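K.L.:
missing the sequence, but the structure's below:
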């Protein structure tokens, strides 16, 4: 508190030393810088994706399969025969990612990935609610919201595992796939895998913080700033998903 | 530092109820924008243009602004922190645009 009131001094003394000119603690500032560098890493992957995607022709025009229409078994083979999945053309994401758990024989393009997006956005909300409860020093509330965030993260990881299993089950590999150019599946695995690993790390961090909250570590420390720092990371993971979703599924 | 005082003032007089309603407000905006994304995807299924892609990217950036600004609290941090993060990212956007154009040249050479 004393730190923040000091910082409303004028511009000249703010950079004079002795206090953070950024008006945030060292740990939070370093988290921001780490996230910036991590954003560069993800950008390089998305730039590679954009470049490769644009060096291939657009997906073939789909006039056969409408959303919610019935599809037979061996959908991928049928699409190969119909000329919608060809090696030279980038495949249309709506024809590749059209499965939903427990629902068979229906063309449900992007439904599952939209659900994943909602799960991640919602877990971001519970995270920010945990941070807000931390400002009020409400240990129990922080713990409950942290638990909800962990459940959201785990649910997202489960969804991704299912998505990968389905994708691999249809013949997608790092070195080739039945949908289109070889780099299509390779890029999918690398980018969503790298993001999924971030989600996994975030869940691990959230579990550690959750245990600390339950043990009263931050209650003793007098502030819940650690929840805020891990929260920054968690929101970043959500932010990256917004762009993965845009680039991989919508464009 | 008139402005600085103003933002700090805002933050400190905020009641928990205000903050909570702001969080939920942002959640509904994000949810709405995602639904708009999906609706646009289906509405524009048979069109392929740079404009459509630009539309999705702009929607993504708007969502990013709400996540970074409200959830990550950047709107309420000092401006210098905000510029430290945003200025490098502007160059990244520039880099993405350049590489998409480059990808198009590769396409023209190949096909």
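P.N.:
Yep, that arrived. Only a predicted model underlies this, so the values are computations on that prediction, with no experimental measurement involved.
K.L.:
hey, let's count contacts and neighbours off CA atoms from now on
P.N.:
Noted.
K.L.:
looking at chain A, which residue is nearest chain B?
P.N.:
For chain A, the residue positioned closest to chain B under Cα to the nearest Cα is residue A:55, at a distance of 4.0 Å.
K.L.:
is it true that that residue touches residue B:104?
P.N.:
Yes - if you go by Cα atoms under 8 Å, residue A:55 and residue B:104 touch, sitting 5.5 Å apart.
K.L.:
higher neighbour count, these two?
P.N.:
Neighbour totals were compared for residue A:55 and residue B:104, and residue A:55 leads with 22 against 19 (other Cα atoms under 10 Å in any protein chain shown).
K.L.:
do you know how far that one is from residue B:111?
P.N.:
Per Cα to Cα, to the nearest Å, residue A:55 is found 9 Å from residue B:111.
K.L.:
contacting residues for residue A:176?
P.N.:
A:182-183, A:185-186 (Cα atoms under 8 Å, 6 or more residues apart in numbering or on different chains).
K.L.:
relative to residue B:59, which of those is nearest.
P.N.:
The shortest separation between residue B:59 and any of these is 25.4 Å, and it belongs to residue A:185 (by Cα to Cα).
K.L.:
how about the helices in chain B?
P.N.:
In chain order, chain B shows helices spanning B:2-13, B:16-43, B:50-66, B:79-110, with DSSP state H as the criterion.
K.L.:
low-confidence ranges, chain B, go.
P.N.:
Within chain B, the segments meeting pLDDT under 70 span B:1-14.
K.L.:
residue of it with the smallest distance to chain A?
P.N.:
residue B:107 (4.0 Å).
K.L.:
ignoring the adjacent residues along the chain, who's closest to that residue?
P.N.:
When the adjacent residues along the chain are set aside, residue B:107 lies closest to residue A:55, with 4.0 Å between them (Cα to Cα, 6 or more residues apart in numbering or on different chains).
K.L.:
how about residue B:81?
P.N.:
Taking Cα to Cα, 6+ apart as the measure, residue B:81 lies nearest to residue A:22, with 5.9 Å between them; neighbours along the chain are not counted.
K.L.:
how much space separates residue B:62 from residue B:40?
P.N.:
15 Å.
K.L.:
sorry, that was for residue A:213
P.N.:
If you measure residue A:213 against residue B:40 using Cα to Cα, the figure is 42 Å.
K.L.:
more neighbours, these two?
P.N.:
It is residue A:213, of residue A:213 and residue B:40, that has more neighbours when counted by other Cα under 10 Å, with 22 against 15.
K.L.:
what strand or helix carries the more buried one?
P.N.:
helix A:182-215 (DSSP states H and E).
K.L.:
next, the buried residues of the helix or strand just after that helix.
P.N.:
Taking DSSP H and E as the definition, the helix or strand that follows helix A:182-215 towards the C-terminus is helix A:217-221. Within helix A:217-221, the residues that qualify as buried are A:218-219, counting by 16 or more other Cα atoms under 10 Å in any protein chain shown.
K.L.:
how about stretch A:25-37?
P.N.:
With burial defined by 16+ other Cα under 10 Å, the residues of stretch A:25-37 counted as buried are A:28-29, A:32, A:35-36.
K.L.:
likewise for stretch A:121-132?
P.N.:
A:121-132.
K.L.:
what comes into contact with that stretch?
P.N.:
For stretch A:121-132, with Cα under 8 Å, 6+ apart as the criterion, the contacting residues are A:141-146, A:148-150, A:152-153, A:224, A:227-228, A:231, A:234-235, A:238, B:16, B:19-20, B:23-24, B:27, B:30-31, B:71.
K.L.:
same deal with stretch B:40-58?
P.N.:
Counting contacts by Cα under 8 Å, 6+ apart, the residues touching stretch B:40-58 from outside are A:58, A:61-62, A:246, A:250-251, B:37.
K.L.:
if we use 10 Å, what do you get?
P.N.:
Taking Cα atoms under 10 Å, 6 or more residues apart in numbering or on different chains as the criterion, the residues outside stretch B:40-58 that touch it are A:58-63, A:67, A:92, A:94, A:109-110, A:242-243, A:246-247, A:249-251, B:34-39, B:59-64.
K.L.:
what's the end-to-end length of it?
P.N.:
Start and end residues of stretch B:40-58 are separated by 13 Å (Cα to Cα).
K.L.:
in that stretch, what's buried?
P.N.:
Judged by neighbour count using 16+ other Cα under 10 Å, the buried positions of stretch B:40-58 are B:41, B:52, B:56-57.
K.L.:
just stretch A:70-79 next, same as before
P.N.:
Of the residues in stretch A:70-79, those scored as buried under the neighbour-count criterion (16+ other Cα under 10 Å) are A:76, A:79.
K.L.:
which residues in chain A form strands?
P.N.:
For chain A, no strands turn up when DSSP state E is the criterion.
K.L.:
point out where it drops to low pLDDT.
P.N.:
Using pLDDT under 70 as the threshold, the predicted model of chain A has low-confidence ranges A:1-11.
K.L.:
related to what we said a few turns ago, is chain B contacted by the helix holding residue A:213?
P.N.:
No - looking at helix A:182-215 against chain B by Cα under 10 Å from any Cα of the partner chain, there are no contacts, and the closest approach is 14.0 Å.
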